[in-house]
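Asker: Provide a 3D model corresponding to the input given below.
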Amino acid sequence: MKHVRCIILLLPLLMASLFEGYGLMVPVVLPSTELQMVLKAMIFGIPVAILIGFGRWTGDGTGTTLSGLLLFPLFWIYTQVLSQMFDPGFVATPLYGLNWNFFAGTAPFVLISGSMGWFASRKTNQSLFIAIALGVLSIVIIVGIH
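Answerer: Numbering: from 1, shown residues only. Below you'll find the predicted structure:
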C-alpha cells in the first residue's frame, strides 16, 4: 500500500517538476517549435509510461486507477506551487482556479488517465494495448498535435 501512495503523490510532482524545468529552459535552448513539441511529449509521456508500467507490474487496479485519476489535478496544484516558488515576490497565496470550471476542464484528462491506469492493471495484452492507446491519446491532446 505504501508504494501506491508514493506513486499517487510523487508521479504528478515528477511531471510538474519536468514541466517547470521545461518552462525555464525553452527560451534559451530550444528555439524550434518541433523540438519544443518533442520535449513536451517526453515530459508528459514519462509519467504516462510509469503509470502504465506500474499498473502492469503490480496489477493493483484500485491504486493504479486512483493514481491515474489524481494525476492531472495534482499536477496542476504542484505546478501552481512550483511556479510561485520561482517568482521573486513569492508569498504563500491560496491556489487560484479551484472551481467548477477547473474540474470541468480537467474531467476528460482525469477520465482518460484513470481508465488508462485501470486497463494497465488488468494484465492482458488487449487491455495493455488499450492503456497504451489512451496514453498516446492523452499525450497528443496535451501537446496539441492536430
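Asker: quick one: buried residues of stretch 11-24?
Answerer: 11-16, 18-20, 22 (16 or more other Cβ atoms under 10 Å). Any C-beta I mention is one placed from the backbone N, CA and C, and that applies to glycine too.
Asker: any chance of the residues you listed in a markdown table, plus distance to residue 59?
Answerer: Output for the buried residues of stretch 11-24, formatted as a markdown table (distance: Cβ to Cβ, whole Å):
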| residue | distance to residue 59 |
| --- | --- |
| 11 | 18 |
| 12 | 22 |
| 13 | 24 |
| 14 | 22 |
| 15 | 23 |
| 16 | 27 |
| 18 | 27 |
| 19 | 29 |
| 20 | 33 |
| 22 | 33 |
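Asker: just the ones of those residues in helices?
Answerer: 11-16, 18-20, 22 (DSSP state H).
Asker: closest to residue 63 out of the residues you listed?
Answerer: Nearest to residue 63 out of those is residue 11 (Cβ to Cβ; 11.4 Å).
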